[in-house]
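>>> I'll drop the sequence and a predicted model, then ask my questions.
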Amino acid sequence: MQELLDELSRALGRGVSVDDVSGRVVGHSAQTDEVDPARVRAILARRVPPEVAAWQDRHGVAEATGPVRVPANAELGFAERVGFPLRRGGVLVGFLWVLGADVDVGVVAGRLPALAAAVEVGDRSPVRVVVAWEPRVVRTVEPGAPVPSLPGHVGVSEPHPPERAGAAYQQALAAAELSALDPALPRVVRWSELGAYRLLLGGSAEEVLAGLSPTLLSTLEVYLDSGCDARATAEALHLHRTSLYYRLGRIAEVTGRDPADGRARLELHLALKLTRLARRR
């Protein structure tokens, strides 16, 4: 790997590096005079920082089938570069990164199979990303590990495979910012605790309503549409109120969201309407 990268670096006249799909730095060229701060941090930690992975993901790197130009980001200390997906047997195993914008693709293309063959995929155990809003601090932890003690408002992502660290960072960042904006949220808040905010940020309505039968879905919608008026709901559904309360209990049991809780009601109601909206043609 090292000889391949040094040879390519000399041919291009610029620094190159390889990360595997988990974000582990597999190798980098000896030519380091133009390496940017983001790459220096990655080399020292042997892993791409989550906020850098998020910037790369934002520009379509994870879905790329060919070279992708990723613009500079001064806040991250990230210089403009071009990423080349490395595939072995049709499976994505990593990325080659070349600093700068004007890259001779012809020089690079012939070396991609050899580089892909040299990539050893590292640990792909899930991780959580933890972000403090201000001052900005980013940490990664194992799913079962305690949340590190950080100052200010803190967001915690759901567990993600390492190659999705960018998405995990976006979850944690959103949670930290919302904690700062909404006093109803705790100082340290997990993505899973954001309720309706998750749906407004593109979360899955199907996930919120998963496991509910058509009967329970109908009952829940009528109940919420009526302003949680049990009498009106029972009359509309031709139910005895005892049966209605049983169904509401089942809804809470299945979804993990109690319709008696205001924030849970908002999330459930929004999920129902988003599900209807998705049926538009």
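Everything's here; your move.
>>> Setting the sequence-adjacent residues aside, check what's closest to the spatially most central residue of the chain.
In the chain, the centroid-proximal residue (CA atoms, centre = their mean) is A167; its distance is 1.7 Å. Spatial nearest neighbour of A167, excluding adjacent residues (CB to CB, 6 or more residues apart in numbering): H160 at 6.0 Å. For glycine as for every other residue, the C-beta is placed from the backbone atoms N, C-alpha and C.
>>> show me what contacts that neighbour?
126-129, 167-168 (CB atoms under 8 Å, 6 or more residues apart in numbering).
>>> Kindly report the same for P159.
Contacts of P159 (CB under 8 Å, 6+ apart): 126-128, 143, 168.
>>> Show me where the stretch 51-200 of the chain has its helices.
105-109, 112-118, 165-181, 196-200 (DSSP state H, counting those that start in this stretch).
>>> Just want the angle from the least confident helix or strand in the chain by mean pLDDT to helix 165-181.
Taking mean pLDDT, DSSP states H and E as the measure, strand 137-141 is the helix or strand of the chain with the lowest mean score, a mean of 80. Calculated by axes from the mean of the first three to the mean of the last three CA atoms, to 10 degrees, strand 137-141 forms an angle of 130 degrees with helix 165-181.
>>> Direction included, what does strand 137-141 pair against?
Next to strand 137-141 in the sheet, as set by DSSP bridges, lie strand 128-132 (antiparallel).
>>> which residues touch the strand it pairs with?
With CB under 8 Å, 6+ apart, strand 128-132 has contacts from 50, 137-143, 145, 147-148, 150-160, 165, 168-169, 171-173, 175-176.
>>> so which of the contacts of P159 is the most crowded?
Within the contacts of P159, most neighbours by other CB atoms under 10 Å means A168, with 27 neighbours.
>>> and that residue, what is it in contact with?
Shown in contact with A168 (CB under 8 Å, 6+ apart): 50, 127-129, 157-160.
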